[in-house]
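Undergrad: for reference, the sequence and a predicted model appear below.
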Amino acid sequence: QVQLAESGGGLVQAGGSLRLSCAASGRTFSSYGMGWFRQTPGKERDFVALISRSGGITDYGDSVKGRFTISRDNAKNTVYLQMNSLKPEDTAVYHCAASGNVLTRLPGRYENWGRGTQVTVSS
């Protein structure tokens, strides 16, 4: 098990930037692939980005490709999501998740989840 805690959300104007952080504690952070997902009320969690254990593989959802960047610092047990050129449709609760088994876009394959951080983008 690994415990996850997101931070860095907030209110930003369209076109602005935010950097989310997800701090992990518990078992060895570097043994987990990590993902970011987002959710709005009444909808399922959508895939945003993922990163492999070493950081050598990344993948992005189509709606954020070219604007968001995922990275990790295994020495600090932290994964980041740099969000640039934010749009009102990026408004959501953003969750980080850890998978010990497979690198995937599917939220159901992640065993550990943080509580989320709210991102609101005003027009």
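TA: Thanks, I have it. Residues are numbered from 1 along each chain as shown.
Undergrad: count of neighbours near Leu106?
TA: 11 (other CB atoms under 10 Å). C-beta here means a position set from N, CA and C on the backbone, and glycine is covered the same way.
Undergrad: run through the residues that contact Arg53.
TA: Arg53 sits next to 30-33 when contact means CB atoms under 8 Å, 6 or more residues apart in numbering.
Undergrad: for this protein, which segments count as strands?
TA: 2-7, 10-13, 18-26, 33-39, 46-51, 58-60, 68-73, 78-83, 92-99, 112-113, 117-122 (DSSP state E).
Undergrad: let me know whether Gly100 touches Arg109 as I believe.
TA: No - assessed by CB atoms under 8 Å, Gly100 is found out of contact with Arg109, at 10.0 Å.
Undergrad: of the contacts of Arg53, select the buried ones using a ChimeraX command.
TA: To isolate the buried ones among these in ChimeraX, judged by 16 or more other CB atoms under 10 Å, type:
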select :32,33
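Undergrad: could you dump the contacts of Arg53 to CSV with pLDDT and distance to Gly56?
TA: Putting these into CSV (pLDDT from 0 to 100; distance: CB to CB, whole Å) gives the following:
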residue, pLDDT, distance to Gly56
Ser30, 93, 12
Ser31, 93, 15
Tyr32, 95, 14
Gly33, 96, 11
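Undergrad: contact partners for Gly26?
TA: Neighbour list for Gly26: 1-3 [criterion: CB under 8 Å, 6+ apart].
Undergrad: now the buried members of these.
TA: Buried, going by 16+ other CB under 10 Å: Val2, out of the contacts of Gly26.
Undergrad: Asp46: which of the contacts of Gly26 is nearest?
TA: In terms of CB to CB, no member of these lies closer to Asp46 than Val2, at 22.2 Å.
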